[in-house]
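Enquirer: Predicted model follows, preceded by the sequence.
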Amino acid sequence: HVAVSDLPPRTADAADRDDPAVPIELPERLKNLSADDLKAVEDGKPVTDEARRAYYYLAWQALGLKDGPGELERQQVSLTKLFDEPGEHRGKLLHIRGDLVSVDVLNLDPNPTGRLRIYQVGLLTGEGGPVFILVWEDPVEQGLRLWDTVSVDGFFFKIWRYSPDDEKSAPLVMGYSLQL
């Protein structure tokens, strides 16, 4: 399992609770994300209090992908470009395809999205590197299995150090669900 030390705090008993209904409107404090909010996100480091606004804003936007990206412009960006220029792609909607290699349930403390559970999935892309995606819909309940080839539309958040020794990094993206 992947360490989640730089994600929002988890609550041990949240696994027994159902996700509440999503709030109807984005909380006022999360509206109008600025370029400065995105600049507060630091690649390879834990999410700071300053970066949480961007985190929850993108998580909220990912809830809006339930019926697909609609008219939003999606980008296909190589892993090399994400690693070389993460700031250029932060907050942008990406389309990613890969093999499903891990699924972990993360229980969240109460937060602006109104959700208490999110799923962290690992994909291996054709470029060889992993990408981690936070999705709101349970891939197992969708009938997906490990090694299925899936795609996802999601907002790029940051380059995340995911190994205990801090030597392994991967893009972290926020989407709604995986698609076969």
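Expert: Received it, and whenever you're ready, just let me know what you need.

Enquirer: Show me where this structure has its strands.
Expert: Ranges of strands in the chain, per DSSP state E, are 93-107, 117-124, 130-135, 149-161, 169-175.

Enquirer: For Ala35, which of the ones you listed is the nearest?
Expert: strand 149-161 (14.9 Å; C-beta to C-beta). In short, each C-beta sits where N, CA and C put it, glycine included.

Enquirer: can I get the strands of the chain in CSV with mean pLDDT and mean neighbour count?
Expert: Output for the strands of the chain, formatted as CSV (pLDDT from 0 to 100; neighbours: other C-beta atoms under 10 Å):
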stretch, mean pLDDT, mean neighbour count
strand 93-107, 95, 17
strand 117-124, 95, 20
strand 130-135, 96, 23
strand 149-161, 95, 22
strand 169-175, 95, 24
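
Enquirer: Let me have those in JSON lines, adding distance to Ala40 as columns.
Expert: Output for these, formatted as JSON lines (distance: least, C-beta to C-beta, whole Å):
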{"stretch": "strand 93-107", "distance to Ala40": "20"}
{"stretch": "strand 117-124", "distance to Ala40": "21"}
{"stretch": "strand 130-135", "distance to Ala40": "18"}
{"stretch": "strand 149-161", "distance to Ala40": "11"}
{"stretch": "strand 169-175", "distance to Ala40": "15"}
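
Enquirer: Quick one: closest of those strands to Thr48.
Expert: So among these, strand 149-161 is nearest, using C-beta to C-beta, at 11.2 Å.

Enquirer: So which elements touch that closest one?
Expert: Applying 3 or more C-beta pairs under 8 Å, 6 or more residues apart in numbering; DSSP states H and E, we find strand 149-161 packed against helix 49-63, helix 79-84, helix 86-89, strand 93-107, strand 130-135, strand 169-175.

Enquirer: Output stretch 153-163 as PDB, restricted to C-alpha atoms.
Expert: The C-alpha atoms that make up stretch 153-163 are tabulated as PDB, following Å, rounded to 0.1, in the frame of the first residue of the first chain:
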ATOM      1  CA  ASP A 153     -10.200  12.300 -17.000                       C
ATOM      2  CA  GLY A 154      -8.900  14.200 -14.000                       C
ATOM      3  CA  PHE A 155      -7.300  17.400 -12.800                       C
ATOM      4  CA  PHE A 156      -3.500  17.300 -12.300                       C
ATOM      5  CA  PHE A 157      -2.600  18.300  -8.700                       C
ATOM      6  CA  LYS A 158       1.100  17.700  -8.200                       C
ATOM      7  CA  ILE A 159       4.100  15.400  -8.400                       C
ATOM      8  CA  TRP A 160       3.700  13.200  -5.300                       C
ATOM      9  CA  ARG A 161       6.500  11.400  -3.500                       C
ATOM     10  CA  TYR A 162       4.800   8.100  -2.600                       C
ATOM     11  CA  SER A 163       7.600   5.800  -1.300                       C
END
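
Enquirer: No further questions, thank you.
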